[in-house]
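> okay, sequence plus prediction incoming.
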Amino acid sequence: MSDLRVERPDDDTELEDWQYVHNVIIPTHGLSLDEVRERARRHHLEVAYLGDVLVGCSTVRPPTDDTSTATVIARVLAAHRGRGFGEELYTRGLRRARELGAEVIETVVLSSNEDGLRFARKHGFVETERYLLPGDTIPWIDLRLS
């Protein structure tokens, strides 16, 4: 393990850090702070730091009542990729999804995020769907852990 410090955001500063990483990696679907607060109530969010330097964030969308599927998303800022931080965030997210009762694990990646797609495929995810959200021009890719 590295010296990565991973925390659940519990104040606006940490929620803003999560928001920053999300909005940099997914520029086509920027979130407001209010939207991030709402997501923090529904999902398990984490923010990752190396010392005091923001490195990345993660999201676990827990299974709903009618499904045993959770979505695990790990995001690492470009300057910090290739150092194992994504692996740590993904492993933590996967463990949390299993604790929440997930039997099926999915992820979603913006098709322009080649590093994210490569990471997902390397970890055994296969594409299940490609789609555009209203107003978007860059497709999203849903992937499922095989």
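Now that the structure is in, tell me what you want to look at.

> for the residue positioned nearest the centre of the chain, helix, strand, or coil?
Geometric centre of the chain, nearest residue: Ile73, 2.5 Å, by C-alpha atoms, centre = their mean. Three-state assignment for Ile73 (DSSP: H, G, I helix; E, B strand; the rest coil): strand.

> wait, isn't it in contact with Thr107?
Yes - here Ile73 reaches Thr107: they are 5.7 Å apart, a contact under C-beta atoms under 8 Å. (Each C-beta comes from the backbone N, C-alpha and C, glycine too.)

> on that earlier part again, where's the residue nearest to the centre of the chain relative to Thr59, distance?
Taking C-beta to C-beta, to the nearest Å as the measure, Ile73 falls 4 Å from Thr59.

> mutual contacts of the two, please.
Both Ile73 and Thr59 are in contact with Gly93, where contact means C-beta atoms under 8 Å, 6 or more residues apart in numbering.

> what about the helix or strand containing Ala120, distance to the chain center?
Taking DSSP states H and E as the definition, one finds Ala120 inside helix 114-122. Here helix 114-122 is found 13 Å from its chain centre; the criterion is C-alpha atoms, centre = their mean, to the nearest Å.

> what packs against it?
In terms of contacts (3 or more C-beta pairs under 8 Å, 6 or more residues apart in numbering; DSSP states H and E), helix 114-122 is packed against strand 104-110, strand 140-145.

> repeat that with 6 Å
Helix 114-122 sits against strand 104-110, with contacts defined as 3 or more C-beta pairs under 6 Å, 6 or more residues apart in numbering; DSSP states H and E.

> any buried residues in the strand it packs on, and which?
Across strand 104-110, burial judged by 16 or more other C-beta atoms under 10 Å covers Ile105, Glu106, Thr107, Val108, Val109, Leu110.
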